[in-house]
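Peer 1: Model the structure of this input:
(one chain, ligands or ions: 1)
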Amino acid sequence: MKHVSLTRFLLEEQRAGRINADLRLLIEVVARACKSISIAVGKGALGGVLGDAGTGNVQGEAQKKLDVLSNEILMEANAWGGHLAGLASEEMEHAQPIPDVYPRGNYLLLFDPLDGSSNIDVNVSVGTIFSVLRCPEGVTAPGDEHFLQPGSAQVAAGYTVYGPSTVLVLTLGHGTHAFTLDREVGSFMLTRRDIAIPEETKEFAINMSNQRHWEPPMQAYVADLLAGKEGPRGKDFNMRWVASMVADVHRILTRGGIFIYPWDRKDPSKPGRLRLMYEANPMAFIVEQAGGAATTGRQRILDVQPTGLHQRVPVFLGSKREVETASRYHRDHDAAQG
Ligand code: AFP
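Peer 2: Coordinates of the predicted model:
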């Protein structure tokens with residue numbers, strides 16, 4: 001079967017009037033950067049890029065060499081194209097306007113250059129997550145505040161998972177589609193159009209080691225999952241946890257499930273681990289466009305009004321009915337609290 005390339009897919013989206021030339025170029029540039037990251041990740045120990053970089057990021061986390069390299073690849077690829085006004089990254093404290101020497105465009109790009117870093121050295125799938133917003137009218141040198149738009153304002157979002165195969169998953173607001181990297185040709189080829197997540201599931205993804213730190217509705221919800229057929233859910237559930245969000249989300253896009261990183265009292269100042277702007281928002285857009293749902297347990301993630309570039313939110317995403325069930329435990333708990 002002859003697959004359509006990402007280049008042709010984007011051209012057809014432009015001809016259909018769903019994207020403009022600048023956004024098409026932006027997605028092509030990000031995809032090319034992901035190819036370079038895939039090659040670097042794929043070299044493993046032979047590439048001299050495993051292990052720690054000996055530096056820390058704004059999150060106070062040790063950076064892996066590949067974190068820094070992936071960030072540099074995405075920054076360099078996007079600087080000269082003329083399609084962007086600014087970039088923001090998990091690895092940089094503040095947003096960066098495009099340097100004056102280059103023409104500026106109308107889009108803002110946010111990314112987690114290499115999500116799942118703790119899995120790099122043990123050869124488990126990692127990925128790149130990106131989100132695209134419009135630069136506000138009249139702003140030529142965007143600062144952090146110009147990026148603080150709700151997820152519903154995204155014009156595109158995607159991730160690339162570097163696993164046994166390298167797959168770019170993309171939404172432009174008209175469905176969610178998957179492109180597999182053909183390494184011989186060096187092109188991403190359309191392998192799944194209009195992905196649809198099953199509405200029901202028997203599989204959940206959560207880091208159970210945090211269980212004692214969760215709030216009561218979360219404890220109740222997971223206890224009912226674990227009670228299985230004999231419990232209130234009346235069915236047995238399976239569990240998966242890769243600890244690379246891109247890998248867990250990709251499994252859910254492929255066969256359904258619910259992914260949860262809830263608030264926990266390990267560090268009450270942080271509402272969970274995942275960042276809103278370049279992890280939760282793009283993944284929520286992708287999942288909703290595939291017929292799934294994404295909430296904080298109490299509100300739709302895409303409706304959250306950001307207050308900080310690196311703010312965190314609790315994340316419940318995946319099969320629509322299951323996300324609704326998990327969110328209902330939280331709403332019922334809050335109602336009972338009065
Ligand atoms: P790293 O990039 O530091 O490995 O974190 C990955 C991540 O942000 C997300 O991809 C995982 O779902 C989550 O953290 C795993 O968190 P735990 O290590 O606490 O399970």
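Peer 1: Pull the residues that contact the lowest-mean-pLDDT helix or strand in the chain.
Peer 2: Using mean pLDDT, DSSP states H and E, the weakest-scoring helix or strand in the chain turns out to be strand 62-64, at a mean of 79. With contact meaning CB atoms under 8 Å, 6 or more residues apart in numbering, strand 62-64 is reached by 50, 51, 52, 53, 55, 56, 57, 91, 114, 117, 120, 121. No exception for glycine: its C-beta is placed from N, CA and C like everyone else's.
Peer 1: and these, which of them are in strands?
Peer 2: When those are checked against strands (DSSP state E), the matches are 52, 53, 55, 56, 114.
Peer 1: that's a strand at residue 235, yeah?
Peer 2: No - Residue 235 is assigned coil when assessed by DSSP: H, G, I helix; E, B strand; the rest coil, not a strand.
Peer 1: related to what we said a few turns ago, between the ones in strands among the contacts of strand 62-64, which is nearest the ligand?
Peer 2: Nearest to the ligand, judged by CB to the nearest ligand atom, of the ones in strands among the contacts of strand 62-64 is residue 114 at 7.1 Å.
Peer 1: would you turn the contacts of strand 62-64 into TSV with neighbour count and distance to residue 30?
Peer 2: Below are those laid out as TSV (neighbours: other CB atoms under 10 Å; distance: CB to CB, whole Å):
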residue	neighbour count	distance to residue 30
50	17	24
51	12	26
52	14	26
53	16	22
55	12	24
56	11	26
57	19	20
91	23	16
114	31	14
117	22	19
120	22	20
121	14	25
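Peer 1: which stretches of the stretch 201-338 of the chain aren't confidently modelled?
Peer 2: When residues are selected by pLDDT under 70, none of them lie in the stretch 201-338 of the chain.
Peer 1: Keep only the contacts of strand 62-64 that also lie close to the ligand.
Peer 2: Among these, the ones lying near the ligand by CB under 6 Å from any ligand atom are residue 117.
Peer 1: Name the residue of the stretch 1-150 of the chain with the shortest distance to the ligand.
Peer 2: residue 118 (3.5 Å).
Peer 1: Count the residues that sit near the closest residue to that residue other than its chain neighbours.
Peer 2: Residue nearest to residue 118 in three dimensions, not counting chain neighbours: residue 243, with 6.5 Å by CB to CB, 6 or more residues apart in numbering. For residue 243, the count of nearby residues is 13 (other CB atoms under 10 Å).
Peer 1: so how far is the helix or strand that comes right after the least confident helix or strand of the chain from its chain's centroid?
Peer 2: Going down the chain from strand 62-64, the next helix or strand is helix 65-79, by DSSP states H and E. Relative to its chain's centre, helix 65-79 lies at 17 Å (CA atoms, centre = their mean, to the nearest Å).
Peer 1: How about the residues of this structure by the ligand?
Peer 2: Contacts of the chain with the ligand, taken as CB under 6 Å from any ligand atom, map to 61, 115, 116, 117, 118, 207, 243, 244, 245, 261, 273, 274.
Peer 1: how does it look with 5 Å?
Peer 2: Counting by CB under 5 Å from any ligand atom, the chain comes close to the ligand at 115, 116, 117, 118, 207, 243, 244, 245.
Peer 1: Could you list everything the first one pairs with in the sheet?
Peer 2: In this structure, residue 115 bridges to residue 127 when assessed by DSSP bridges.
Peer 1: Surely it is in contact with residue 248?
Peer 2: No - with contact defined as CB atoms under 8 Å, residue 115 does not count as touching residue 248 (10.4 Å).
Peer 1: follow-up on the earlier one: SS state for the residue nearest to residue 118?
Peer 2: Residue 243 ends up coil, using three-state DSSP.
Peer 1: What ranges does the stretch 201-338 of the chain have for its strands?
Peer 2: 203-205, 238-239, 258-261, 293-295, 315-318 (DSSP state E, counting those that start in this stretch).
Peer 1: So for residue 81, which of those strands sits nearest?
Peer 2: Between residue 81 and those, the shortest separation by CB to CB is 29.8 Å, and it involves strand 293-295.
Peer 1: hmm, back to that, would you turn the strands of the stretch 201-338 of the chain into JSON lines with mean neighbour count and distance to residue 161?
Peer 2: Below are these laid out as JSON lines (neighbours: other CB atoms under 10 Å; distance: least, CB to CB, whole Å):
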{"stretch": "strand 203-205", "mean neighbour count": "22", "distance to residue 161": "14"}
{"stretch": "strand 238-239", "mean neighbour count": "12", "distance to residue 161": "20"}
{"stretch": "strand 258-261", "mean neighbour count": "25", "distance to residue 161": "14"}
{"stretch": "strand 293-295", "mean neighbour count": "23", "distance to residue 161": "18"}
{"stretch": "strand 315-318", "mean neighbour count": "30", "distance to residue 161": "16"}
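Peer 1: Make JSON lines out of those strands and add distance to residue 96.
Peer 2: Output for the strands of the stretch 201-338 of the chain, formatted as JSON lines (distance: least, CB to CB, whole Å):
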{"stretch": "strand 203-205", "distance to residue 96": "33"}
{"stretch": "strand 238-239", "distance to residue 96": "39"}
{"stretch": "strand 258-261", "distance to residue 96": "27"}
{"stretch": "strand 293-295", "distance to residue 96": "28"}
{"stretch": "strand 315-318", "distance to residue 96": "26"}
